[in-house]
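Q: Okay, predicted coordinates and the sequence, questions at the end:
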2 protein chains.
Amino acid sequence: MHGGVFKPALPRRAHKTNRMLKDKTHTASDLLTGYFGVKVLDLAHILAQWSEQPDKLTCTYFSPPHKAVAAQLRDWMQAAGLVAEIDAIGNATGRYASSRAGAKALIVGSHYDTVADAGRFDGRLGVLTGLVVAEYLHRIGARLPFHLDVIGFAEEEGVRFSEPYLGSAAVAGRFDERILQRSDADGVTLASLLQHDGVDLAAIRALARRPETLRGYIEIHIEQGPVLLHRGVPVGIVSAIVGTGRFQVAIHGAAGHAGTVPMALRRDAAAAAAEIVLAVEQRCAKGSTLVGTVGQLVVPGGAINVIPGTCQFSIDIRAGDDATRDAAVADVLVAIEQIAESRGVKAEIIEIGRHGAVRCAPPMQSAIAAAVSRAGIEPFHLASGAGHDAAMFAGVTDIGMLFVRCGNGGISHSPLETVTESDVDLAARILLDVLLNLD
Amino acid sequence: MHGGVFKPALPRRAHKTNRMLKDKTHTASDLLTGYFGVKVLDLAHILAQWSEQPDKLTCTYFSPPHKAVAAQLRDWMQAAGLVAEIDAIGNATGRYASSRAGAKALIVGSHYDTVADAGRFDGRLGVLTGLVVAEYLHRIGARLPFHLDVIGFAEEEGVRFSEPYLGSAAVAGRFDERILQRSDADGVTLASLLQHDGVDLAAIRALARRPETLRGYIEIHIEQGPVLLHRGVPVGIVSAIVGTGRFQVAIHGAAGHAGTVPMALRRDAAAAAAEIVLAVEQRCAKGSTLVGTVGQLVVPGGAINVIPGTCQFSIDIRAGDDATRDAAVADVLVAIEQIAESRGVKAEIIEIGRHGAVRCAPPMQSAIAAAVSRAGIEPFHLASGAGHDAAMFAGVTDIGMLFVRCGNGGISHSPLETVTESDVDLAARILLDVLLNLD
């Protein structure tokens, strides 16, 4: 799994980019337009060279390409004037220190690990935007009333240990040490993986920031959906990270010969499931942040001439607030029971997780919205349907998120994932504005 | 595949049964009640001892258990006074000859091969009922105006070569010699399998009966469905063997993140499929012999947090007459296109087979119905939703079928398949009556 393809040689474009990092300084905001965008995209393309698979971007936790990306991020942070290191869990962290005594820290973070066959911007866009903005601040000598901590979190996708947010959980003080005993697909535990690398496990606990030391947490992220694209706006202010209710459902009816059982005598598990799929879809259309998905659906061992005796499927329901999500979940569960009863089948429902929605801090939303306005864009707020590292910091410090428009119909977790240079550039300038004007 | 478990030792009950085959003769019809039922069930239990799998009944074409069953049937036929042999394709055939010169032959047949993990009565019930009735006729010395040919067809289920009706097709003169080159799962062609057994392939063609030599074809078969059970009648006269239209459908929508794509922007392949499943169900509820089934249904590689981009399913539509079947198929195809268009998805539809319905000969239906009435049962006609060997003889000679009530909710192709001794006994007495009164 973690042998992979290691491509340390930088492409031609990379040399140009490294030069650009040391390019001439711009001071006026209008002169800045275009400055950040090209840098971030170039750096993202460089990071995409390291992959576990040829011709695909796959960079999972503690694989050789993953470690190479961490080292590259640390080196770029140091070159940008930050005090940088790779911490015990693998996060690449760099501080652009405040001049004030006893200053708090504002974290600008996102993750650098990827799913399998990933896009280049999911996570990395936020890390690199923080990096180029910090580099700019350092270059112009502008000090902030807080430390600026740019963090590339080592693990957010949960691919290797089926547990997301390892990096941000550690920094947010939410790392669950029981996960150290969890094994990857090769039977390697997280603890042994880290110890083999010389990590003192106690050092992970020490990564936790105390809330009183934090000024806030800001994350730039590609939207991973089509809302901004559809609306024609380059960026959006995240109002909340949705809560999720997840279920696995098995319908048990009666198998039978497709030719010999009259329709009226059937207890067809797939037909019942079909009715439920549509019930989920219809119920979850009633709410602006509400969505519902049946992503897994199968008649196990189905045959063309056999009435399905069993049908299995998943349900994933999300909303920007828990009350909306819970109301939809309750209605869907009632619908399942009604459909099962009317068809004489049995529904076996297992709730496999219900996670609360996380609201972005109103002051942080306001600060970001003000910067969006100053960039000449009408502020647009939307809920994030995907989870993000930011969620780990909710309740620890004020969180804020800015989404960048996702091209190609909003596709993510795919090599087709894309952003435009100008949207990224705008996001970076908005981040700079927020940092300069937050306090 | 064909090593299997060979159990030649007969159980205790078998010896009793073999004695019963030579038991005292009954001549009066009222004394016959109970005579056939116990015999047929005993013989079916004996045949079920030979299987390719321990603790399951699996007896596919030309496996060692399959050959053992053929030999046992031939031996029983000979013991019953028939002139019996195993023919070139593996059918066990036995003739109880007519005393008339130039008599035609009436075939009473069904198959002795099984599906995997089968029931004991599918096919074999018809062979054994023909056997015990022929044995009875021989014992009482009653000669018929036609030869009575009891045939156990070697292959009806199509398990080994994905082609059903090998045995009955050969006798009906419909054997497609191209199938000789077809391979089983181990790469063995039908031709090499037969030749390895010393079969002269030309002899298969010689099995074909000329229509003018046939008086008719009668098949007793377990219903394999719940209609008779639900209606509370022990036997049913088959009016037709349904025609089938079969399709494989793939819906292509747009995959997406289950959290980030608003409901209104989705092109969910599974939701479209669900709507089609219900459309098939609703349309096929409109017709007494019409049925429609989506037996295979899957979102390939589905994940709980991914909107299905693709969903695949099968459609199987059957009716007792082709016009009814074709009308339903046409409506379902229109519905698929409408649903696909309204949801912005693409439907890829492959028709994988459309077979015409086969009507049982009205004179044969009448003859069977008259015998049913004489047995004190109100005649009930129903269409067969499953295919049977009888279909091979339609157009060759007059066909008739009698269904026997299936227990356990009508389940077949399962070890739970069951019949009652009294229902089987009744069916055998009706067959005897038909044979004695047909001409």
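A: It's in.
Q: Other residues contacting stretch A:333-342?
A: Contact partners of stretch A:333-342, identified using Cβ atoms under 8 Å, 6 or more residues apart in numbering or on different chains, comprise A:249, A:251, A:272, A:275, A:276, A:279, A:280, A:283, A:346, A:347, A:349. To be clear about C-beta, it is placed using only N, CA and C from the backbone, and glycine gets the same treatment.
Q: Which one (most neighbours) among the residues you listed?
A: Of all the contacts of stretch A:333-342, the highest neighbour tally under other Cβ atoms under 10 Å in any protein chain shown goes to residue A:251, namely 30 neighbours.
Q: For residue A:291, what are phi and psi?
A: Per-residue torsions, residue A:291: phi -140, psi 150 (degrees, to the nearest 10).
Q: go on, residue A:341?
A: Dihedral angles of residue A:341 (phi, psi; degrees, to the nearest 10) stand at phi -70, psi -40.
Q: same question, residue A:285
A: phi -80, psi -10.
Q: End to end on stretch A:84-94, go ahead and measure it.
A: Stretch A:84-94 stretches 4 Å from its first residue to its last (Cα to Cα, to the nearest Å).
Q: still on that earlier bit, which two of the contacts of stretch A:333-342 have the greatest separation?
A: Between any two of the contacts of stretch A:333-342, the greatest separation by Cβ to Cβ is 21.5 Å, found for A:283 and A:346.
Q: quick one on the thing from earlier: out of the contacts of stretch A:333-342, which sit inside strands?
A: With DSSP state E as the criterion, strands contain A:249, A:251, A:346, A:347, A:349 from among those.
Q: Show me what the closest residue in space to the third one that isn't next to it in sequence is bridged to.
A: The one in question is residue A:346. Leaving aside its chain neighbours, residue A:346 sits nearest to residue A:252 (4.4 Å; criterion: Cβ to Cβ, 6 or more residues apart in numbering or on different chains). Counting by DSSP bridges, residue A:252 is bridged to residue A:310, residue A:346.
Q: Got the domain ranges for chain A?
A: A:14-241+A:358-437, A:243-355 (automatic domain parsing).
Q: and the residue lying closest to residue A:234 once chain neighbours are set aside, how many neighbours?
A: Ranked by Cβ to Cβ, 6+ apart and with sequence neighbours excluded, the top spatial neighbour of residue A:234 is residue A:423, at 4.3 Å. When neighbours are defined as other Cβ under 10 Å, residue A:423 has 20 of them.
Q: do the same with residue A:202
A: Residue A:202: 9 neighbours (other Cβ under 10 Å).
Q: distance of it from chain B?
A: Residue A:202 is 34 Å from chain B, where distance means Cβ to the nearest Cβ, to the nearest Å.
Q: now swap in residue A:233 and tell me
A: 15 Å.
Q: If we go by neighbour counts, what in stretch A:48-56 is buried?
A: A:48, A:49, A:50, A:51, A:52 (16 or more other Cβ atoms under 10 Å in any protein chain shown).
Q: any low-confidence regions in chain A?
A: By pLDDT under 70, the low-scoring segments of chain A are A:1-31.
Q: List the buried residues of stretch A:260-280.
A: Buried residues in stretch A:260-280, counted by 16+ other Cβ under 10 Å: A:260-263, A:265-280.
Q: all helices of chain A, in order?
A: Using DSSP state H, the helices of chain A run over residues A:12-21, A:29-32, A:35-47, A:64-79, A:124-140, A:166-172, A:190-196, A:202-205, A:227-231, A:269-284, A:322-343, A:362-374, A:390-393, A:421-437.
Q: Off-centre distance for stretch A:110-121?
A: 9 Å (Cα atoms, centre = their mean, to the nearest Å).
Q: Spatially, what comes nearest to residue A:172 if we skip its sequence neighbours?
A: residue A:392 (4.1 Å).
Q: show me what contacts the residue nearest to the spatial centre of chain A?
A: Of all residues in chain A, the one closest to the mean position by Cα atoms, centre = their mean is residue A:388, 3.9 Å from it. With contact taken as Cβ under 8 Å, 6+ apart, residue A:388 is in contact with A:110, A:156, A:219, A:221, A:241, A:401.
Q: shouldn't the residue nearest to residue A:172 be in contact with residue A:174?
A: Yes. Using Cβ atoms under 8 Å, residue A:392 is in contact with residue A:174, at 5.6 Å.
Q: Of the buried residues of stretch A:260-280, which fall within the contact range of chain B?
A: Contacts with chain B within these, counted by Cβ under 8 Å from any Cβ of the partner chain: A:260-263, A:265, A:268, A:270-271, A:273-275, A:277-278.
Q: For chain B, state which of these is nearest.
A: Nearest to chain B among those is residue A:260, at 2.8 Å by Cβ to the nearest Cβ.
Q: just checking, the closest one touches residue B:225?
A: Yes. Using Cβ under 8 Å, residue A:260 makes contact with residue B:225 at a distance of 2.8 Å.
Q: What distance do you get for residue A:193 to chain B?
A: From residue A:193 to chain B the distance is 25 Å (Cβ to the nearest Cβ).
Q: what about that residue, neighbour count?
A: Other residues lying near residue A:193 total 20 when counted by other Cβ under 10 Å.
Q: can you tell me how far it sits from residue A:90?
A: 10 Å (Cβ to Cβ, to the nearest Å).
Q: Name the residues contacting each of those two.
A: In contact with both residue A:193 and residue A:90: residue A:62, using Cβ under 8 Å, 6+ apart.
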